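Undergrad: next one to model:
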Amino acid sequence: MRKQMAAIAAAVVSSVILVAPPASADEPPLDCSASHYSVLFGEGISVHCYGPSYPPYTYRAIAHCVWGNAFWSVAGNWARMGFRSSSAECSGGLLSPALVAGYDVDVI
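TA: Prediction:
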């Protein structure tokens, strides 16, 4: 009986420790700033990241788009850290433009 209680207690403690809080997609990663802008029938996001210049890191913005019940991702252009911004645009239709629901930054 004590072994079962100890096993249950260990399972509860490990599940609480291992569960991480969800990351918010609206907050930019460390050393990055983002701004939304409007495009024809949609919306775009421009991300500018600062960081070490050596080795030359590159990054790109990945916009998570929503249009009605459809969800998809659009990858932006590659940019060098600290020099250029990366932009990704979501395009929709005439009567219902696509919106940027969130974004990620892909760094290599």
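
Undergrad: residue 80 is in contact with residue 60, isn't it?
TA: No: taking contact to mean C-beta atoms under 8 Å, the distance of 10.9 Å between residue 80 and residue 60 leaves them out of contact. Every residue, glycine included, has its C-beta placed from N, CA and C.

Undergrad: those two: which has the busier surroundings?
TA: residue 60 (19 against 14; other C-beta atoms under 10 Å).

Undergrad: separation between the residue lying closest to residue 106 once chain neighbours are set aside and residue 48?
TA: Leaving aside its chain neighbours, residue 106 sits nearest to residue 60 (5.2 Å; criterion: C-beta to C-beta, 6 or more residues apart in numbering). Distance check for residue 60 against residue 48: by C-beta to C-beta, to the nearest Å, it reads 12 Å.

Undergrad: name the residues contacting each of the two.
TA: Overlap between the neighbourhoods of residue 60 and residue 48 consists of residue 86, taking contacts as C-beta atoms under 8 Å, 6 or more residues apart in numbering.

Undergrad: now do the helices in the protein.
TA: Ranges of helices within the chain are 2-18, based on DSSP state H.

Undergrad: quick one, what contacts residue 73?
TA: Contacts were defined as C-beta under 8 Å, 6+ apart; by that measure residue 73 touches 62, 63, 64, 65.

Undergrad: and the gap between the residue nearest to residue 106 and residue 1?
TA: 56 Å.

Undergrad: test my guess that residue 94 contacts residue 40.
TA: No: taking contacts as C-beta under 8 Å, residue 94 lies outside contact range of residue 40: 9.6 Å.

Undergrad: tell me where the chain has strands.
TA: Counting by DSSP state E, one finds strands in the chain at the ranges 32-39, 42-49, 58-67, 70-75, 79-80, 86-91, 99-107.

Undergrad: mind putting those strands into JSON lines with mean pLDDT?
TA: Rendered in JSON lines, the data for the strands of the chain read as follows (pLDDT from 0 to 100):
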{"stretch": "strand 32-39", "mean pLDDT": "96"}
{"stretch": "strand 42-49", "mean pLDDT": "96"}
{"stretch": "strand 58-67", "mean pLDDT": "96"}
{"stretch": "strand 70-75", "mean pLDDT": "97"}
{"stretch": "strand 79-80", "mean pLDDT": "93"}
{"stretch": "strand 86-91", "mean pLDDT": "97"}
{"stretch": "strand 99-107", "mean pLDDT": "95"}
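
Undergrad: alright, calling it a day.
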